[in-house]
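Trainee: Sequence isn't available, so here's the structure alone:
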């Protein structure tokens, strides 16, 4: 073995963005249960946006998919953002619990914190960025 072993280049980290342009259609409102949640990854230029939409009590809310406690994505499994009864958003990593429509943390390691909003709206039966 040589002292000048070839170094394996580190994988390039995916660039992230924290905002999306307005009026991007995400899904039909009817395709999202009430209560329900769905994650979205949007490519914007060379970077990616990660967010999720909640539908509860006929209202929709969007959140950046990042827990304020440690910066991890909220869901450990695809689209699994809500507690089984649909009453709260639950961070699968550390158990932080958030109100679905306000994003306020009501339990766990970031109690008193809040999710970062992602402006979305339901218009003409379509959920889109606002």
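Mentor: Looks like it came in fine. Keep in mind it's a predicted model, so treat the numbers as computed, not measured.

Trainee: can we go C-alpha only for contacts and neighbour counts from here?
Mentor: Noted.

Trainee: isn't there a strand covering residue 30?
Mentor: No. Per DSSP: H, G, I helix; E, B strand; the rest coil, residue 30 lies outside any strand segment and is helix.

Trainee: neighbours of it, just the number please.
Mentor: Applying other CA atoms under 10 Å, we find 10 residues neighbouring residue 30.

Trainee: Where does the prediction get shaky in the protein?
Mentor: In the predicted model of the chain, residues 1-12 satisfy pLDDT under 70.

Trainee: For it, which segments are assigned as strands?
Mentor: Along the chain, counting by DSSP state E, strands occupy 25-28, 36-44, 47-56, 59-64, 89-90, 97-98, 105-107, 120-123, 126-129.

Trainee: Please identify which of those strands is closest to residue 77.
Mentor: strand 36-44 (10.1 Å; CA to CA).

Trainee: how about the residue nearest the centre of the chain, what does it touch?
Mentor: Residue closest to the average C-alpha location in the chain (CA atoms, centre = their mean): residue 65, at 2.5 Å. Applying CA atoms under 8 Å, 6 or more residues apart in numbering, one finds that residue 65 lies in contact with 39, 50-52, 72-74.

Trainee: Would you check that residue 23 makes contact with residue 127?
Mentor: No. Here residue 23 does not reach residue 127: they are 9.1 Å apart, not a contact under CA atoms under 8 Å.
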